[in-house]
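>>> Predicted structure and sequence below. I'll ask about it afterward.
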Amino acid sequence: MSSFPDGTVKRRAYEALAQVLPPTAHVEASGDRVLVNGHPLRVRWIGDGWLADVRAALEGESEQPDIVVAVRISPGARRALADAHIGWVDETGAAEIATGSIIVSKSGRPVDRDQRIT
């Protein structure tokens, strides 16, 4: 695993992204990007993954992220990200990414009733 200079790519975001990619994918942190098989991606951690978190992350950004990562992406946040053509990954292992030649679609593992975001 690469180092995380100045925390520009959050370790949790990196690890969640790496977990949804095939084991043969080469993933490394590089400044404010994550390189996947040499393809640079702008990855942004957005916290819990509510629609408000997505709006806050995208508001005023001159350069939109390619992928956002959160604890669990809510259905409303998923729709907003799809409309903005931005991929997403959450810590349940769910993901929707379609950027360049990288395409991932995973449903993730079910969240226990007691662990669901309410």
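That came through fine.

>>> Following the chain onward from the strand or helix carrying residue 15, which element is next?
Using DSSP states H and E, residue 15 sits in helix 11-20. Downstream of helix 11-20, the next assigned helix or strand under DSSP H and E is strand 27-30.

>>> How far off centre is that following strand?
Distance of strand 27-30 from the chain centroid (C-alpha atoms, centre = their mean, to the nearest Å) equals 14 Å.

>>> mind listing the helices for the protein?
For the chain, the helices defined by DSSP state H cover 11-20, 51-58, 75-83.

>>> And for the helix holding residue 15, what's in contact with it?
1, 4, 25, 27, 29, 34, 36, 43-45, 67, 69, 89-91, 93-95, 97, 104, 106 (C-beta atoms under 8 Å, 6 or more residues apart in numbering). The way it works is simple: take the backbone N, C-alpha and C, and place the C-beta from them, glycine included.

>>> Now which of those residues would you call buried?
27, 29, 34, 36, 43-45, 67, 69, 89-91, 94-95, 97, 104, 106 (16 or more other C-beta atoms under 10 Å).

>>> Which of those residues fall in strands?
Counted as lying in strands by DSSP state E, out of the buried ones among the contacts of helix 11-20, are 27, 29, 34, 36, 43-45, 67, 69, 89-90, 94-95, 97, 104, 106.

>>> Just the closest of those to residue 81, please.
Closest approach to residue 81 among these (C-beta to C-beta): residue 67, at 9.1 Å.

>>> where does the closest one land on pLDDT?
As predicted, residue 67 sits at a pLDDT of 95.

>>> for it, what are its contacts?
Neighbour list for residue 67: 17, 41-44, 86-89, 97, 99 [criterion: C-beta under 8 Å, 6+ apart].
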